[in-house]
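Engineer: kindly return the folded structure for what I paste below:
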Amino acid sequence: MNFFKVGKYFTLVDMPGYGYRAPQDFVEMVEAYLQERHNLKRTFLLVDGVVGLQKTDHIAVEMLEEFGIPYVMVLTKIDRASRGLLLKNVLEIQEFVKENTQGCFPQLFLVSSVEFSGVHLLRCFVAHVTGNLPTVEAR
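Structural biologist: Below is the predicted model:
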């Protein structure tokens, strides 16, 4: 796990490699971390936009649901998927969230780190969830 202190406001924890060449003890390590972090505000589950939901994503969702941890799904690499494939994966994820989850934030975030599409909105959401960006009442 990699820890990134974001100013003096919050810490971002990256768990690289879950799913892709994950170490054998990865699930146990993540499970222990999630159960012990009582100040955890939100978990962001990154799903590859080209391949869609994988078995490891389903395992992660089951774990988050079991522990009652609020989470968000982020569809990454949207610049690499064709429009048809991207639409297929978005619809599959939306249906999966609707039918199989209770703790998942209903808004799917679509992002591209290459084109920076969706990154600003995701950053704003992270700032809001961590208490660093209050909502403004509409007039």
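
Engineer: can you tell me the closest non-neighbouring residue to L133?
Structural biologist: Excluding the flanking residues, the one nearest L133 by CB to CB, 6 or more residues apart in numbering is A127, at 3.7 Å. For glycine as for every other residue, the C-beta is placed from the backbone atoms N, C-alpha and C.

Engineer: may I see the buried residues of the helix or strand encompassing that neighbour?
Structural biologist: Per DSSP states H and E, A127 falls inside helix 119-129. For helix 119-129, the neighbour count (16 or more other CB atoms under 10 Å) marks 125-126, 129 as buried.

Engineer: now swap in stretch 109-120 and tell me
Structural biologist: For stretch 109-120, by 16+ other CB under 10 Å, it's 109-112, 118.

Engineer: who does the longest helix along the chain touch, helix- and strand-wise?
Structural biologist: The helix that spans the most residues within the chain, counting by DSSP state H, is helix 83-100. Judged by 3 or more CB pairs under 8 Å, 6 or more residues apart in numbering; DSSP states H and E, helix 83-100 is in contact with strand 71-76.

Engineer: which other residues reach stretch 131-139?
Structural biologist: Residues from elsewhere that reach stretch 131-139 (CB atoms under 8 Å, 6 or more residues apart in numbering): 9-10, 124, 127-128.

Engineer: ok, the residue nearest to L133 to L121 distance?
Structural biologist: Here A127 is placed at a distance of 11 Å from L121 (CB to CB, to the nearest Å).

Engineer: which element follows the helix or strand harbouring Q35 toward the C-terminus?
Structural biologist: Using DSSP H and E, Q35 sits within helix 26-36. From helix 26-36 onward toward the C-terminus, using DSSP H and E, the following helix or strand is strand 43-48.

Engineer: wait, doesn't G118 sit right on L108?
Structural biologist: No - counting by CB atoms under 8 Å, G118 stays clear of L108, with 9.9 Å between them.

Engineer: flag every buried residue along the helix holding Q35.
Structural biologist: Across helix 26-36, burial judged by 16+ other CB under 10 Å covers 26, 30, 34.
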